[in-house]
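> only geometry, no sequence info:
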């Protein structure tokens with residue numbers, strides 16, 4: 001891996017991962033095993049005439065070792081490997097571009113099998129790294145401060161698309177097989193990329209259960225955070241089925257302002273959202289719900305806003321992430337001044353709620369919070385209302 005330069009680097013070339021991934025064309029009809037739940041993987045192999053125990057072997061090679069070539073699965077008989085190669089693939093999204101920020105952040109523009117694209121980011125720290133994963137191409141929502149919100153929804157990402165993003169990141173950092181020590185370069189997943197995860201919950205749930213499987217990628221649920229703009233009816237399902245950390249894009253302390261910033265608030269206003277958060281498993285125990293609050297000059301950053309935020313969140317076991325607004329081309333907002341942000345933080349902290357100010361990362365490559373977007377366009381037959389209905393929200 002080349003040494004990171006002092007200025008943004010963009011790699012514009014199709015890349016073949018170092019783990020021997022064969023090139024699969026869009027006309028390849030073999031079934032991709034990535035993204036299949038354990039039971040579905042076993043069923044697929046049994047239907048192909050293979051023994052059920054092969055599913056465990058393949059699972060470990062794919063998710064523990066990161067292999068993409070059946071021929072390298074050395075504990076599987078040669079004829080079985082040939083049968084697997086004949087019927088299946090182990091596919092990743094294709095890296096279209098990789099950009100590296102001067103602060104070490106990496107952003108990948110990934111192309112999926114149908115040609116649509118989404119972005120994935122890794123934010124490295126000294127002893128860990130958080131991979132920001134997308135759940136949709138475009139977004140169901142139209143949050144006015146968010147660059148992704150200017151891109152209409154194209155489609156939901158499949159479990160393979162979602163898991164594949166993290167696997168591409170591991171390829172990039174060479175972090176295979178799954179590390180057994182406590183220190184990992186890619187230690188956390190934050191479902192905070194493009195899209196609203198709770199409008200694609202079934203696929204997100206399948207993908208995260210694969211990621212959490214102890215015989216594969218083996219990421220603890222405490223290392224996974226799912227962020228939502230406030231799809232109230234789905235929040236309980238997140239707790240019941242995944243029990244991962246919950247983050248909520250709040251961004252305002254009254255419905256009038258939030259209706260503009262996060263239009264889904266018109267459907268589920270702040271009072272309903274906070275009630276759902278109060279019922280989230282662990283919300284009153286050791287785990288705190290994180291409320292994300294983007295700092296917008298003259299919009300939501302007054303002392304009165306800070307005091308109202310304390311009043312709203314005091315009944316909850318909560319913390320606040322104050323996010324300096326990250327500009328993007330054509331954005332209708334400005335970031336609050338540093339003095340205003342820190343004064344806001346002082347008020348919230350003094351009110352007994354932790355309110356760290358997030359350090360912007362990856363701004364120089366448009367990889368910071370609220371800056372992700374791709375150029376994929378929606379098929380006219382795809383309707384946002386259909387996605388909402390499918391989510392049961």
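On my side now, so go ahead. What you see is a predicted model, and the numbers here were worked out from it, not measured in a lab.

> so after the longest helix anywhere in the chain, what's the next helix or strand?
Looking across the chain with DSSP state H, the single longest helix is helix 159-173. Downstream of helix 159-173, the next assigned helix or strand under DSSP states H and E is strand 188-191.

> by mean pLDDT, point me to the weakest helix or strand of this protein.
Among the helices and strands of the chain, strand 9-12 carries the lowest confidence by mean pLDDT, DSSP states H and E, at a mean of 43.

> what separates residue 334 from residue 315, distance-wise?
Plainly put, residue 334 is 32 Å away from residue 315 if you go by C-beta to C-beta, to the nearest Å. From N, CA and C alone the C-beta is placed, and that goes for glycine too.

> same check on residue 91?
For residue 91 relative to residue 315 (C-beta to C-beta), the value is 47 Å.

> between those two, who's got more neighbours?
residue 91 (22 against 11; other C-beta atoms under 10 Å).

> can you tell me the helix or strand for the more buried one?
Using DSSP H and E, residue 91 sits within no helix or strand.

> what bridges to the nearest residue to it once chain neighbours are set aside?
In this structure, residue 91 finds its nearest non-sequential neighbour in residue 32, 4.5 Å apart by C-beta to C-beta, 6 or more residues apart in numbering. Here residue 32 sits in beta bridges with residue 89, going by DSSP bridges.

> what helix or strand is the nearest residue to residue 71 once chain neighbours are set aside located in?
Sequence neighbours aside, residue 81 is the residue nearest to residue 71 in space, at 5.8 Å (criterion: C-beta to C-beta, 6+ apart). Assigned by DSSP H and E, residue 81 belongs to helix 78-87.

> residue 356: neighbour count?
Look at residue 356: counted by other C-beta under 10 Å, it has 12 neighbours.

> quick one: pLDDT of it?
With respect to pLDDT, residue 356 scores 97.

> that older thread, state the mean pLDDT of the longest helix of the chain.
Averaging pLDDT along helix 159-173 gives 97.

> what do you get for stretch 191-208?
Stretch 191-208 comes out at a mean pLDDT of 96.

> ditto for stretch 363-372
74.

> relative to the whole chain's centre, how far out is it?
Put simply, stretch 363-372 sits 14 Å off its chain's centre (C-alpha atoms, centre = their mean, to the nearest Å).

> who touches it?
Identification of contacts with stretch 363-372 by C-beta atoms under 8 Å, 6 or more residues apart in numbering yields 7-8, 10, 99-103, 105-107, 118-119, 121, 132, 134, 145-148, 192-194, 292, 294, 323, 325-326, 328, 358, 360-362, 373.

> from one end of that stretch to the other, what's the distance?
By C-alpha to C-alpha, to the nearest Å, the extent of stretch 363-372 from end to end equals 10 Å.
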